[in-house]
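Trainee: Below: sequence and its predicted model.
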Number of protein chains: 2
Amino acid sequence: MKNKAEMPRRLGIIAGGGRLPVKVAAAARAAGRAVFIVGLEGFADPAVLAPWPHEMRRLGAAARIIAALRDHGCQDLVMIGPVRRPSLLDLRPDAEGAKLLARIGRAAFAGDDGLLAAVIRVLTEEGFAVIGAQEIMREAVAPGGVLTNVTPDAQAMTDIKRGIQVARLLGAADVGQGCVVQQGLVLAVEAIEGTDAMLARAGALRRDGVGGVLVKLVKPNQDKRADLPTIGPDTVRHAVAAGLRGLAFEAQATILADREACLAVANAAGLFLLGLDPETLS
Amino acid sequence: MKNKAEMPRRLGIIAGGGRLPVKVAAAARAAGRAVFIVGLEGFADPAVLAPWPHEMRRLGAAARIIAALRDHGCQDLVMIGPVRRPSLLDLRPDAEGAKLLARIGRAAFAGDDGLLAAVIRVLTEEGFAVIGAQEIMREAVAPGGVLTNVTPDAQAMTDIKRGIQVARLLGAADVGQGCVVQQGLVLAVEAIEGTDAMLARAGALRRDGVGGVLVKLVKPNQDKRADLPTIGPDTVRHAVAAGLRGLAFEAQATILADREACLAVANAAGLFLLGLDPETLS
């Protein structure tokens, strides 16, 4: 039997929507770690979490979330899965939550970077080690280079360059991570509506001729332990429906959820997936 | 009878959608100027132009547009009314149009500023004096200060500041002119979908609690002779429907179409209209 000091630390997962939280859980368990999940009500899908040790809590119920993670002996914490960002009023903080909010500061509500950084700071002060989901499921991190059969041509590379410029600006202002560019024209820019809604809009706004590209980048100032850009098979399907020719994203800093399915959808439709070298982005 | 040198110069209007082109025509005629309108097919409404001397032409039919304006003795030119920006393929330029495109250069298609600046340059080289619609209808130019019964409160001013920051960045990148901010959160950012579509989206994405604001600004590098931000009664109605508390725009550089109707709609719904002093924007 292993000495306690050698036992892998128990992992807590604060779960938003989708299947990524249980993918992180499965990757942690495969590596010999015990896990406990707190699903955020209204975002996490109880049916997805059902097979795992978990409880559901309101986002504003900070005291209960922290207590649950402590009671289950979690030392490391991952926050993963989309959470629709609440207004202060939606939040209905419990007493502990109100104290935490005061520590976070209203100013943090001006952008996601500030808010997530403040949440990570407070969780760290509470004694947890917040880590990125990519540290648990390293195989889900997007590699660099062209991953598909199709390679972007000169027009696509021009559109990608313009997309990088716009996504960088938006990201620096903590507005969003992505945009769609077609033939040099910025069709759509992502704020809080999410990538899928932006892709639907870009599809409706597209021009005749060669299709556009989706560019999705980490925000320059964001803490990479939360809210990494994520691309999954549905993202690729929506890109196909929007008439795009490909997706470009930051290598080593994007979660490619279900890579095989992403590649299968992209190759079947003739789209490219391109991991951009972060060194060449700025 | 006046000496020819004293006759006001005949005004040509290249018309996109909406009623603004005929408002410019009416203002010019009221000032004693003769006018001739070229309506762009697919954008200008023939029923709106019907009472005025005009002809309809394709956007790509540059030779015919220029010939029509020359034949009717136009010396000054106004370009006004929304035109959905075409792809190079949509354009189907005539022989003259292809030559003009070559003069404009493909690079101009990377953004509206570049394209409009190039179109203005070419029209100037062809001997026309391109002027801003605001020089013809000075009373439609938005003044500074609060125009409504309601004045923005501290939260609204904070949202407006954030909106100015984001709109400035977007404008500098030649992406768009506007955004919606609620409680510090950027709900939506405008690319080519237009303000009304962005407002509809912002309405669907809004949070509980105090409503947001629309901020619309001139792009820092745009030529003010074309594509000035425009706010009309429909803009205000859409802002009401999106749950906004007000609209902020750049004084002296925004066209407030049908000001009385804008103010009536805003005052009835308790929204503010605020003309921002350009000096304080950067």
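Mentor: Sure thing, it's come through. Numbers count the residues shown, from 1 in each chain, chains lettered A, B, ... in the order given.
Trainee: Residue A:246: neighbouring residues, count only.
Mentor: 27 (other Cβ atoms under 10 Å in any protein chain shown). For every residue, glycine as well, the C-beta is placed using N, CA and C.
Trainee: mind listing what it touches?
Mentor: Listed by Cβ atoms under 8 Å, 6 or more residues apart in numbering or on different chains, the contact partners of residue A:246 are A:148, A:150, A:152, A:156, A:213, A:214, A:239, A:266, A:271, A:272, A:273, A:274.
Trainee: where does the fourth one land on pLDDT?
Mentor: This points to residue A:156. pLDDT, residue A:156: 97.
Trainee: Contacts for the helix or strand hosting it, please.
Mentor: Using DSSP states H and E, residue A:156 maps to helix A:154-172. Residues from elsewhere that reach helix A:154-172 (Cβ under 8 Å, 6+ apart): A:152, A:176-184, A:186, A:189-190, A:210, A:212-222, A:245-246, A:248, A:272, A:274, A:276, A:281-282, B:110, B:169-170, B:172-173, B:175, B:189.
Trainee: what's downstream of it, the next helix or strand?
Mentor: strand A:178-182.
Trainee: Name the strands paired with that following strand and say parallel or antiparallel.
Mentor: strand A:185-189 (antiparallel), strand A:213-216 (antiparallel) (DSSP bridges).
Trainee: Helix A:154-172 and that strand, what's the angle between them?
Mentor: Angle of strand A:178-182 versus helix A:154-172, following axes from the mean of the first three to the mean of the last three Cα atoms, to 10 degrees, is 150 degrees.
Trainee: Using neighbour counts, pick out the buried residues of strand A:178-182.
Mentor: Buried residues in strand A:178-182, counted by 16 or more other Cβ atoms under 10 Å in any protein chain shown: A:178, A:179, A:180, A:181, A:182.
Trainee: Tell me who's in contact with residue A:143.
Mentor: A:251, A:252, A:275.
Trainee: Let me fix that, I meant to ask about residue A:17.
Mentor: A:43, A:44, A:45, A:81, A:82, A:83 are the contacts of residue A:17 under Cβ under 8 Å, 6+ apart.
Trainee: Which pLDDT value belongs to the residue of the stretch 101-250 of chain A found nearest chain B?
Mentor: Residue nearest to chain B within the stretch 101-250 of chain A: residue A:207 (3.4 Å; Cβ to the nearest Cβ). You'll see residue A:207 listed with a pLDDT of 90.
Trainee: Tell me how many other residues crowd it.
Mentor: By other Cβ under 10 Å, neighbour count at residue A:207 equals 20.
Trainee: Please apply the same query to the one 3 residues further on.
Mentor: Using other Cβ under 10 Å, residue A:210 has 15 neighbouring residues.
Trainee: just residue A:92 next, same as before
Mentor: Considering only other Cβ under 10 Å, residue A:92 is surrounded by 13 other residues.
Trainee: cool, and residue A:249?
Mentor: Neighbours around residue A:249, by other Cβ under 10 Å: 26.
Trainee: quick one: it and residue A:228, what's the gap?
Mentor: To residue A:228, residue A:249 is 10 Å away according to Cβ to Cβ, to the nearest Å.
Trainee: How about residue A:271?
Mentor: 21 Å.
Trainee: And the strands in the stretch 51-200 of chain A?
Mentor: A:54-57, A:76-80, A:129-130, A:145-146, A:178-182, A:185-189 (DSSP state E, counting those that start in this stretch).
Trainee: buried sites along the first one?
Mentor: Put plainly, it is strand A:54-57. In strand A:54-57, counting by 16+ other Cβ under 10 Å, buried: A:54, A:56, A:57.
Trainee: Report the spatially closest residue to the second one, excluding sequence-adjacent ones.
Mentor: In space, residue A:56 comes closest to residue A:39 once its chain neighbours are excluded; the distance is 4.6 Å by Cβ to Cβ, 6 or more residues apart in numbering or on different chains.
Trainee: Is the one you found located within a strand, as I assumed?
Mentor: Yes. Under DSSP: H, G, I helix; E, B strand; the rest coil, residue A:39 sits within a strand.
Trainee: Enumerate the beta-bridge partners assigned to it.
Mentor: Under the criterion used (DSSP bridges), residue A:39 bridges to residue A:15, residue A:56.
Trainee: what's around it, how many residues?
Mentor: Using other Cβ under 10 Å: residue A:39 sits among 24 other residues.
Trainee: do the same with residue A:200
Mentor: 16.
Trainee: Please apply the same query to the one 5 residues further on.
Mentor: Using other Cβ under 10 Å, the number of residues around residue A:205 comes to 20.
Trainee: Please name the residues that touch it.
Mentor: A:187, A:188, B:191, B:192, B:193.
Trainee: Kindly provide the distance from residue A:264 to residue A:273.
Mentor: 11 Å.
Trainee: How far off centre is stretch A:241-253?
Mentor: 15 Å (Cα atoms, centre = their mean, to the nearest Å).
Trainee: CA atoms only for that stretch - export them in PDB, please.
Mentor: Provided in PDB are the C-alpha atoms of stretch A:241-253 (Å, rounded to 0.1, in the frame of the first residue of the first chain):
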ATOM      1  CA  ALA A 241     -23.300  24.700 -41.800                       C
ATOM      2  CA  ALA A 242     -22.000  28.400 -41.900                       C
ATOM      3  CA  GLY A 243     -20.100  27.600 -45.100                       C
ATOM      4  CA  LEU A 244     -16.700  28.100 -43.500                       C
ATOM      5  CA  ARG A 245     -13.500  26.600 -45.000                       C
ATOM      6  CA  GLY A 246     -11.700  26.000 -41.700                       C
ATOM      7  CA  LEU A 247     -11.000  26.800 -38.100                       C
ATOM      8  CA  ALA A 248      -7.800  28.200 -36.700                       C
ATOM      9  CA  PHE A 249      -7.000  28.200 -32.900                       C
ATOM     10  CA  GLU A 250      -4.000  28.600 -30.600                       C
ATOM     11  CA  ALA A 251      -1.900  25.400 -30.300                       C
ATOM     12  CA  GLN A 252      -1.200  24.300 -26.700                       C
ATOM     13  CA  ALA A 253      -3.900  26.600 -25.400                       C
END
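Trainee: Now stretch A:14-24: buried residues?
Mentor: A:14, A:15, A:16, A:17, A:18, A:20, A:21, A:22, A:23, A:24.
Trainee: My guess is the second one contacts residue A:21. True?
Mentor: Yes. Using Cβ atoms under 8 Å, residue A:15 is in contact with residue A:21, at 3.5 Å.
Trainee: Near chain B, which residues of the stretch 151-282 of chain A are found?
Mentor: A:162, A:165-166, A:169-170, A:172-173, A:175-176, A:179, A:182-193, A:197, A:201, A:205, A:207-209 (Cβ under 8 Å from any Cβ of the partner chain).
Trainee: Among these, name the buried ones.
Mentor: A:162, A:165-166, A:169-170, A:173, A:175-176, A:179, A:182-193, A:197, A:201, A:205, A:207.
Trainee: tell me the pLDDT at residue A:103?
Mentor: For residue A:103, the predicted pLDDT is 78.
Trainee: what about the stretch 51-200 of chain A, any weak spots by pLDDT?
Mentor: Scanning the stretch 51-200 of chain A for pLDDT under 70 picks out A:86-90, A:106-112.
Trainee: For residue A:205, see how far away the residue lying closest to residue A:31 once chain neighbours are set aside is.
Mentor: In space, and not counting its chain neighbours, residue A:31 is closest to residue A:8: 6.8 Å by Cβ to Cβ, 6+ apart. Distance of residue A:8 to residue A:205, given as Cβ to Cβ: 49 Å.
Trainee: now do residue A:221
Mentor: Counting by Cβ to Cβ, the gap from residue A:221 to residue A:205 is 29 Å.
Trainee: Could you do residue A:41 as well?
Mentor: For residue A:41 relative to residue A:205 (Cβ to Cβ), the value is 35 Å.
Trainee: so residue A:194 makes contact with residue A:82?
Mentor: Yes. Using Cβ under 8 Å, residue A:194 is in contact with residue A:82, at 7.2 Å.
Trainee: Quick one, which of the strands paired with strand A:178-182 gets closest to residue B:72.
Mentor: strand A:185-189 (32.6 Å; Cβ to Cβ).
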